[in-house]
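# Based on what follows, work out the 3D shape:
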Amino acid sequence: MSEKHSEITELLGPTIESLGLELLGIEYLPAPGGATLRLYIDVPAGEGGEPERTVTIEDCESVSREVSAQLDVADPISSNYTLEVSSPGLDRPLFTATQFARFVGEEAKVGLKLPQDGRRRLQGRILRVEAGNVVFGLDDVEFVVAADNIDKARLVPDWAAMGLAPNKNSPSKGKPAKGQGSSTNTGKQPSTKPAAGKPHAE
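Numbers count the residues shown, from 1 in each chain. Predicted coordinates for the structure are as follows:
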């Protein structure tokens, strides 16, 4: 996790928790026309180990309003940026070793920060998490990756098993949307306060 990621996560995490939600992780994507700050939120797991409900568009809008005000005051991003708040969706992003451990047995698509055994990308089943490493199964071979060398990772849903595979005879029907809800705000800094627009569903 970069210094910028850590700063923003530490800043916004408690605010999101105060709303009864959990900050899974963030993506900070600088670009010439303005950066994108994407927050992934979820409902904390209940006693059974799973969230008692799914994230709604109202949750995303509430988080967007609260963190927009906080970002305005703290000013951690000096350039123009767009704030996006989203639920994790079925192709859930994974940010920490703990999150990988929760989904042992699931398929994941992973991008590495540094090449390993000639690979920068891989897709395999999460076998286990041990000693700061995530072990994947690739073609019946174990592939061990240091958790801190994982740049991006997402679960790969088994659409067919869920009965949600795209129908080849119906081109207009495809995979369901990634998240249950999402919201977007635009901020402008540093010369003025972020011009946070009214949150809206994407």
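
# need the longest strand for this structure.
Ordering each strand of the chain by length in residues (DSSP state E) puts strand 119-130 first.

# Provide the strand pairings for that strand, with the direction of each partner.
Strand pairing for strand 119-130, determined by DSSP bridges: strand 107-116 (antiparallel), strand 133-138 (antiparallel).

# Out of those, indicate the one that is most buried.
strand 133-138 (a mean of 18; mean count of other C-beta atoms under 10 Å). Where you see a C-beta, it was placed from the backbone N, CA and C, and this is true even at glycine.

# Report the buried residues of the lengthiest helix in the chain.
Criterion DSSP state H: the longest helix present in the chain is helix 57-74. By 16 or more other C-beta atoms under 10 Å, the buried positions in helix 57-74 come out as 57, 59, 60, 61, 62, 63, 64, 65, 66, 67, 68, 71.

# same deal with stretch 11-25?
12, 15, 16, 21, 22, 23, 24, 25.

# what distance separates the start and the end of that stretch?
Its first and final residues considered, stretch 11-25 spans 12 Å by C-alpha to C-alpha, to the nearest Å.

# Also stretch 13-33?
Stretch 13-33: ends 27 Å apart by C-alpha to C-alpha.

# try stretch 27-34
End to end - C-alpha to C-alpha - stretch 27-34 spans 14 Å.

# which residues in the protein form strands?
22-29, 35-42, 81-86, 107-116, 119-130, 133-138, 141-146, 150-155, 182-187.

# coming back round to it: list just the nearest of the buried residues of stretch 11-25 to residue 114.
Lowest distance from residue 114 to the buried residues of stretch 11-25 (C-beta to C-beta) belongs to residue 25, with 19.8 Å.

# Show me the shaky parts of the chain.
1, 47-48, 165-181, 186-202 (pLDDT under 70).

# rerun at 50
Along the chain, the model assigns pLDDT under 50 to residues 170-179, 189-202.

# Please name the bridge partners of residue 152.
The partner residues for residue 152, given DSSP bridges, come to residue 111.

# correction: residue 40
residue 25, residue 86.

# Can you give me the neighbour number for it?
23 (other C-beta atoms under 10 Å).

# quick one, what contacts it?
23, 24, 25, 26, 27, 86, 87, 88, 93, 95 (C-beta atoms under 8 Å, 6 or more residues apart in numbering).

# So which of the strands of the chain is nearest residue 51?
That would be strand 35-42 among the strands of the chain, by C-beta to C-beta, at 6.2 Å.
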